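Colleague: what follows is a predicted structure for the sequence shown.
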Amino acid sequence: EDADEFCAELEKDASTEAPNSETAQVPDMDEAEGSDFILCSHCHLPLGSVVYKSEREDGLLHGECMAQAVLCKLKQDESERHVAAEASRQLRRKELDIGWRVDRIPRNIDHAGKLPCSV
């Protein structure tokens with residue numbers, strides 16, 4: 001179910017449709033008092049006619065800056081998932097006593113003495 005939701009979000013994010021009113025915001029000229037233009041809160045370059053509202057900050061972003069923010073969040077989520085999965089695997093290995101340990105290496109010295117060769 002989570003994978004389906006994730007794929008649906010990616011398809012929505014990768015779509016070529018014009019942004020809807022929930023994700024896009026037209027700059028308010030009242031905010032631009034004292035300046036000639038509104039700047040992106042990520043890269044601090046002037047914004048065009050299509051902008052996105054930032055999730056973390058109180059500001060507006062370019063489409064590319066928004067894509068970078070989403071990609072960064074996805075990478076962070078993936079990293080956190082990987083760390084949690086590794087911790088879970090290590091717990092299971094310890095619980096089931098799985099893995100390599102020096103004390104489990106068989107010693108053949110007793111059996112070697114029974115052979116007709118010198119040790």
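Modeller: Good, I have the coordinates.
Colleague: where does pLDDT dip in the chain?
Modeller: Along the chain, the model assigns pLDDT under 70 to residues 1-35, 57, 118-119.
Colleague: do a quick rundown of the strands in the chain.
Modeller: Ranges of strands in the chain, per DSSP state E, are 52-53, 60-61.
Colleague: out of those strands, deepest packed?
Modeller: strand 60-61 (a mean of 22; mean count of other CB atoms under 10 Å). Glycine gets a C-beta too; all of them are placed from N, C-alpha and C.
Colleague: export the strands of the chain to JSON lines and append columns for distance to Asn108.
Modeller: JSON lines is the format used below for those (distance: least, CB to CB, whole Å):
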{"stretch": "strand 52-53", "distance to Asn108": "68"}
{"stretch": "strand 60-61", "distance to Asn108": "66"}
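Colleague: out of those, which gets nearest to Asp36?
Modeller: strand 60-61 (15.6 Å; CB to CB).
Colleague: what helices or strands is the closest one leaning on?
Modeller: strand 52-53 (3 or more CB pairs under 8 Å, 6 or more residues apart in numbering; DSSP states H and E).
Colleague: now do the strand it packs on: which elements does it pack against?
Modeller: Counting by 3+ CB pairs under 8 Å, 6+ apart, strand 52-53 packs on strand 60-61, helix 63-95.
Colleague: buried stuff in the last one?
Modeller: Taking 16 or more other CB atoms under 10 Å as the neighbour-count basis, helix 63-95 is seen to contain the buried residues 65-66, 69.
Colleague: could you dump those residues into JSON lines and include distance to His111?
Modeller: Below are these laid out as JSON lines (distance: CB to CB, whole Å):
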{"residue": "Cys65", "distance to His111": "69"}
{"residue": "Met66", "distance to His111": "68"}
{"residue": "Ala69", "distance to His111": "64"}
